[in-house]
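> Next input, structure requested:
(chains A, B, C and D)
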Protein chains: 2
Amino acid sequence: MSLPHALLTALIERPGSGLELAERFDRSLGHFWHATHQQIYRELARLEDAGWVASEPVPCGRGRKRSYAICDLGRTELLRWLAEPTQPAPLRDELMVRLRAAAAVGPSDLAAAIAQRVAMHEAKLALYRSFEHKDFASCTDTSREHRLKHLVLQAGIRQEQLWIELANEALAILQTPDVRAD
Amino acid sequence: MSLPHALLTALIERPGSGLELAERFDRSLGHFWHATHQQIYRELARLEDAGWVASEPVPCGRGRKRSYAICDLGRTELLRWLAEPTQPAPLRDELMVRLRAAAAVGPSDLAAAIAQRVAMHEAKLALYRSFEHKDFASCTDTSREHRLKHLVLQAGIRQEQLWIELANEALAILQTPDVRAD
DNA sequence: ACAACCATGTAAGTAGTTACATGATTTA
DNA sequence: TAAATCATGTAACTACTTACATGGTTGT
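The predicted structure is shown next:
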């Protein structure tokens, strides 16, 4: 469960309100660890209970808007977490199950669903590439921070490329007549 | 949520009891959609309620052992599901969050955790390669079923390769002194 | 008889999703 | 003052995890 630490990371970069964090998530970290605004509000409350973040009402903001900022305890916790051993991300993908199912049941209507998914991955790939062009085109910044952020984006790019490759190979198999069907 | 359909797939290949299915999952489909035995027992009960599978006690088996088999309704459901549009697997990986966190907080103890994870991915890759050698070394079988199953295994192999690459690149960045620290 | 193990299940809790509710501030 | 929208939150639900309980069979 990485959401609390993802929020701490977002807050260490810059303080913000729940909705601001939700929007930032949608644009960057959320591509690699999705969270809805409800999850974020709940988690921010927990982080505050734990003393990892502190909040104050934003005077010129609308309604009950509160701004959250990370505390020393939160910074310490983030460092502790970074040194902790990682558990391997359990790979869980519907496409794999569907391909096995297609192998088991024989001819089916899977091709259209896969083609649609190729399109989705291509859209995401294009989005990531536009991020890369915008933020990492110049080679002037060689700081560790910059290179790590670029690597995370690269990870997303290569994931999408891999899915596109695999889905296209699946399409090729599905569209070739089965030797036993001839 | 693919577990019910993953179970239907396993049952279409061969009927079996809850524990047998759990063991089969651990050896094949479970690498791509993990499930514990508790999940499997509960889901089998639901599948039976829905009329997609039927079970009977195994007379010569131990204790309360029951064998489950897929019904026509289950077969129909599996075909219906295959034609359904797929939602894109939400990418959720701790490593990405950690790298972003490391970028934000500066020097930390992340390298050891990543190195450990490289080892895990290499172990899994070796396992998948041994599966491939055992089941897909000969080119004699060119049926669609065989090629689809091979593709699923290939997907696992290339995923592991990608993670190993990315984790090693992360290590390289973390072990190079930050230009701003000189 | 009793230890070990096979097979199934219950209970309690966490994480995440979906739909809806509420309060406050702009804007028309 | 009503509508739109910003901002936060509640409630109910599903999926999954972890720990434990139960009942039966086999071997000693």
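> only C-alpha atoms for contact and neighbour calcs from this point on.
OK.
> helices or strands up against the helix or strand A:Leu148 falls within?
In the assignment (DSSP states H and E), A:Leu148 maps to helix A:144-175. When contacts are defined as 3 or more Cα pairs under 8 Å, 6 or more residues apart in numbering or on different chains; DSSP states H and E, helix A:144-175 packs onto helix A:110-136, helix B:94-105, helix B:144-175.
> can you pull the contacts of the residue nearest to the spatial centre of chain A?
In chain A, the C-alpha nearest the mean C-alpha coordinate belongs to A:Phe32, at 1.4 Å (Cα atoms, centre = their mean). Neighbouring residues of A:Phe32 by Cα atoms under 8 Å, 6 or more residues apart in numbering or on different chains: A:Gly156, B:Leu91, B:Arg92, B:Asp93, B:Met96, B:Val97.
> what domains does the record give for chain A?
A:3-83, A:94-181 (automatic domain parsing).
> What helix or strand is the closest residue in space to A:Tyr68 that isn't next to it in sequence located in?
Distance criterion Cα to Cα, 6 or more residues apart in numbering or on different chains; nearest residue to A:Tyr68, sequence neighbours excluded, is A:Ser55 at 4.3 Å. Under the criterion of DSSP H and E, A:Ser55 resides in strand A:53-57.
> In that strand, which residues are buried?
By 16 or more other Cα atoms under 10 Å in any protein chain shown, the buried positions in strand A:53-57 come out as A:Val53, A:Ala54, A:Ser55.
> again, but for stretch A:107-118
Going by neighbour count (16+ other Cα under 10 Å), the buried part of stretch A:107-118 is A:Pro107, A:Ser108, A:Leu110, A:Ala111, A:Ala113, A:Ile114, A:Ala115, A:Gln116, A:Arg117, A:Val118.
> quick one: low-confidence parts of chain A?
Across chain A, the ranges flagged by pLDDT under 70 are A:61, A:179-182.
> Let's see that with 90 instead.
Within chain A, the stretches with pLDDT under 90 are A:1, A:26-28, A:56-65, A:85-93, A:106-109, A:137-142, A:176-182.
> my guess is A:Asp72 meets A:Ala54, correct?
No: under the criterion of Cα atoms under 8 Å, A:Asp72 makes no contact with A:Ala54, lying 10.1 Å away.
> Give me the distance between whichever residue of chain A sits closest to DNA strand C and DNA strand D.
Among the residues of chain A, A:Gly63 lies closest to DNA strand C, at 3.1 Å counting by Cα to the nearest atom of the strand. A:Gly63 sits at a distance of 6 Å from DNA strand D (criterion: Cα to the nearest atom of the strand, to the nearest Å).
> what's around that residue, how many residues?
Counted with other Cα atoms under 10 Å in any protein chain shown, the neighbours of A:Gly63 add up to 9.
> Same check on A:Arg129?
Close neighbours of A:Arg129, defined as other Cα under 10 Å, add up to 17.
> Now do the same contact list for it.
A:Ile157.
> could you measure it against B:His121, distance?
With distances taken as Cα to Cα, to the nearest Å, A:Arg129 is found 27 Å from B:His121.
> Could you list the contact residues of chain A toward DNA strand C?
Applying Cα under 7 Å from any atom of the strand, we find that chain A lies next to DNA strand C at A:1-3, A:34-36, A:38-39, A:60-64.
> Pick out the most distant pair among those residues.
Largest separation among those by Cα to Cα: A:Met1 and A:Cys60, giving 34.4 Å.
> State the distance from the nearest residue to A:Gly51 once chain neighbours are set aside to chain B.
Distance criterion Cα to Cα, 6+ apart; nearest residue to A:Gly51, sequence neighbours excluded, is A:Leu73 at 6.6 Å. Plainly put, A:Leu73 is 13 Å away from chain B if you go by Cα to the nearest Cα, to the nearest Å.
> And for A:Arg129?
Using Cα to the nearest Cα, A:Arg129 is found at 17 Å from chain B.
> got it, and A:Leu91?
From A:Leu91 to chain B the distance is 6 Å (Cα to the nearest Cα).
> you'd agree that residue is up against B:Trp33?
Yes: A:Leu91 lies in contact with B:Trp33 (Cα under 8 Å); the separation is 6.7 Å.
> A:Arg92 in helix, strand or coil?
Under the three-state scheme (DSSP: H, G, I helix; E, B strand; the rest coil), the conformation of A:Arg92 reads as coil.
> Help me confirm that A:Ala35 comes into contact with A:Phe25.
Yes: A:Ala35 lies in contact with A:Phe25 (Cα under 8 Å); the separation is 7.4 Å.
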